[in-house]
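[1] Give me the fold of what follows.
(4 chains)
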Protein chains: 2
Amino acid sequence: MSQLDTVNRILDAAEVLFAERGFTETSLRTITSTAGVNLAAVNYHFGSKKELIQAVFERFLTPFTESLDRELNRRESQAQLQVEDLLQSLYRVALAGLAREGRDPKRFMRLLGLAYTQSQGHLRRFIVSRYGASYRRFAGQLSGVLPQVDPVTFYWRLYFMLGATIFSLSSFDAIEAILREDFGAVSSLDETLARLAPAAVAMLTAPDVGAA
Amino acid sequence: MSQLDTVNRILDAAEVLFAERGFTETSLRTITSTAGVNLAAVNYHFGSKKELIQAVFERFLTPFTESLDRELNRRESQAQLQVEDLLQSLYRVALAGLAREGRDPKRFMRLLGLAYTQSQGHLRRFIVSRYGASYRRFAGQLSGVLPQVDPVTFYWRLYFMLGATIFSLSSFDAIEAILREDFGAVSSLDETLARLAPAAVAMLTAPDVGAA
DNA sequence: TCAGCTCTTAAACAAACGTTTTAATTGATG
DNA sequence: CATCAATTAAAACGTTTGTTTAAGAGCTGA
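    Okay, the predicted model is just below:
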């Protein structure tokens, strides 16, 4: 087993276990035994548990933001951008890029949700410093096609949208199971994104009654 | 210090610390020293850490759902219910009821978010079995005033709305700090709810393109 | 006043945690 | 084949965790 194997086996196991149970609830012993490597390998290759957590995020956020940036480049050269187009960029292209690599988009949404809700200050700092530029660029473009919405209202709605996305996709399997039991209707991730996109557009473009 | 004092001091400290750091990241020693009581008091009065967590949720979810139920009773007797009315019931009345008791609604949103994202299976079971009826009643009434929306689409949108609400309100202070720095605009909780309600209405009432 | 119960206290428990250490093993290079 | 650095392995480290124990204090009712 080469060094690269060990590193990737640890990342694979950590990614799944973190998404399932959270960071604090997942011990290095569980990770290494799942990965079939020695306990000390984590500290040898990554330095510490904190750095392993960051490495897990780096491995999926880097291709994610690269896909998003490429898509934003393409959109930017077009005139007449629509809100729908930008959300399609975010939802379809970027997520589909991850799925194409054989990784589960729902798992990444769960991890993103954990990054926000589990305190882990180091992780939030890491993500903001590393990927904040892409996020601000997307937000800027989206804000640009919504000139009628007050900036503060826009940013609140952006967080509403993020919350709706992260929350519903990170709990996708649980929600899907409930709906399947109650209505006998199976929902695929694609179908759910097809429902989420217009809902998000409706929220972003709603008439601005304007507080303050 | 009476027995009731000890129990309440533990609940007060646990509520704040859980909301700040999460369940696993908050030790019983931190809770008891913050509360100024002996370490063993938690196991004596609550039995275990799990049961303490449930007690914290019970203390704010019971009055919350009671307020909501009373409000739903009042609405039910009226004809011509509107989506806006029901969301107002949820946002203003129930949350305001908690605020009236001198407790912080944002903190409860943070705890609700944790209940969903931190694995803690026992907590989700506890909440569903104890408060599921009120939730289903609210969902049923809301669904009733949206007959044009396909049931499956409705339930997905309900989760979108829950995600937007829990996510943005539980991170309220962080988001508010960012917007204050970028726009110099302070947002109160009331203002944010005044933005959230119409955004949620727009999402729920959006035309149903209808998957499946 | 004293028995009897409730509650608090201090101390100890075993288990699990992240990390470090030291030695064995591997694999490439001269 | 010998050498040397990189990697793996097993064991132990000191902390911290939730929980339990056993003794003490404080109050109540007879």
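
[2] I'd like the mean pLDDT over stretch A:118-130, please.
    In this model, stretch A:118-130 carries a mean pLDDT of 88.

[3] do stretch A:201-208 as well
    Mean per-residue pLDDT for stretch A:201-208: 93.

[4] go on, stretch A:145-154?
    For stretch A:145-154, mean pLDDT is 94.

[5] Only the buried residues of that stretch, if you could.
    By neighbour count with 16 or more other CB atoms under 10 Å in any protein chain shown, stretch A:145-154 contains the buried residues A:145-146, A:149-150, A:152-154. C-beta coordinates here come from the backbone N, C-alpha and C atoms, glycine included.

[6] In a markdown table, list those residues along with distance to DNA strand D.
    Formatted as a markdown table, the buried residues of stretch A:145-154 follow (distance: CB to the nearest atom of the strand, whole Å):
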| residue | distance to DNA strand D |
| --- | --- |
| A:Val145 | 48 |
| A:Leu146 | 46 |
| A:Val149 | 45 |
| A:Asp150 | 44 |
| A:Val152 | 39 |
| A:Thr153 | 41 |
| A:Phe154 | 41 |
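
[7] Pick out whichever of these sits closest to chain B.
    Of all the buried residues of stretch A:145-154, chain B sits closest to A:Val152, with 4.9 Å by CB to the nearest CB.

[8] Please report phi then psi for the closest one.
    Here is the backbone geometry of A:Val152 (degrees, to the nearest 10): phi -60, psi -40.

[9] burial count for the nearest residue to it once chain neighbours are set aside?
    With sequence-adjacent residues excluded and distances taken as CB to CB, 6 or more residues apart in numbering or on different chains, A:Val152 is closest to B:Ala185, at 4.9 Å. Residues contacting B:Ala185 under the criterion other CB atoms under 10 Å in any protein chain shown number 15.

[10] same thing with A:Met203?
    A:Met203 sits with 25 neighbouring residues when counted by other CB under 10 Å.

[11] what ranges do the helices span in chain A?
    If DSSP state H is used as the criterion, the helices of chain A fall at A:3-21, A:28-35, A:41-46, A:49-76, A:83-88, A:95-100, A:105-117, A:121-144, A:151-170, A:172-183, A:189-205.

[12] The closest residue to A:Ile166 other than its chain neighbours: neighbour count?
    What sits nearest to A:Ile166 in space, not counting adjacent residues and going by CB to CB, 6+ apart, is A:Gly113, at 4.7 Å. When counting by other CB under 10 Å, one arrives at 24 neighbours for A:Gly113.

[13] quick one: average confidence on stretch A:50-68?
    What stretch A:50-68 shows for mean pLDDT is 95.

[14] mind listing what the closest residue to A:Phe108 other than its chain neighbours touches?
    Of all residues not flanking A:Phe108 in the chain, A:Phe60 sits nearest, at 5.2 Å (CB to CB, 6+ apart). Neighbour list for A:Phe60: A:15, A:98, A:103, A:108, A:111 [criterion: CB atoms under 8 Å, 6 or more residues apart in numbering or on different chains].

[15] Buried subset of the residues you listed, written for PyMOL?
    Per 16+ other CB under 10 Å, the buried members of the contacts of A:Phe60 correspond to this PyMOL selection:
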select buried, chain A and resi 15+98+103+108+111
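
[16] For A:Thr30, state which of the contacts of A:Phe60 is nearest.
    Nearest to A:Thr30, judged by CB to CB, of the contacts of A:Phe60 is A:Glu15 at 13.1 Å.

[17] that older thread, tell me which of the contacts of A:Phe60 has the lowest pLDDT.
    Checking pLDDT across the contacts of A:Phe60, the minimum falls on A:Leu98 at 77.

[18] Check the gap between that residue and A:Asp104 for me.
    Distance, A:Leu98 to A:Asp104, by CB to CB, to the nearest Å: 8 Å.

[19] Likewise for A:Leu68?
    Distance, A:Leu68 to A:Asp104, by CB to CB: 18 Å.

[20] Compare these two (neighbour count), which wins?
    Counted by other CB under 10 Å, A:Leu68 and A:Asp104 do not tie: A:Leu68 has more neighbours, with 21 against 16.

[21] For that one, give its distance to A:Ala35.
    For A:Leu68, the distance to A:Ala35 - CB to CB - is 30 Å.

[22] again, but for A:Ile10
    As judged by CB to CB, A:Ile10 and A:Ala35 stand 5 Å apart.

[23] now A:Gln54
    On the measure of CB to CB, A:Gln54 and A:Ala35 end up 18 Å apart.

[24] can you check A:Arg180 too?
    Counting by CB to CB, the separation of A:Arg180 from A:Ala35 is 32 Å.

[25] Okay, the nearest residue to A:Thr165 once chain neighbours are set aside and A:Thr153: tell me how far apart.
    Leaving out its chain neighbours, the residue that sits closest to A:Thr165 by CB to CB, 6+ apart is A:Leu196, at 6.4 Å. A:Leu196 is 20 Å from A:Thr153, where distance means CB to CB.

[26] A:Leu81 too?
    Distance, A:Leu81 to A:Thr153, using CB to CB: 20 Å.

[27] residues in contact with the residue nearest in space to the middle of chain A?
    The residue lying closest to the centre of chain A (CA atoms, centre = their mean) is A:Met109, at 4.2 Å. A:Met109 makes contact with A:165-166, A:169-170, A:172 under the criterion CB under 8 Å, 6+ apart.

[28] Just the closest of these to DNA strand D, please.
    Nearest to DNA strand D, judged by CB to the nearest atom of the strand, of the contacts of A:Met109 is A:Ser170 at 25.0 Å.

[29] show me what contacts the closest one?
    A:106, A:109-110, A:112-113, B:117 are the contacts of A:Ser170 under CB under 8 Å, 6+ apart.

[30] Now A:Leu146: phi and psi?
    Per degrees, to the nearest 10, the backbone of A:Leu146 is at phi -130, psi 60.
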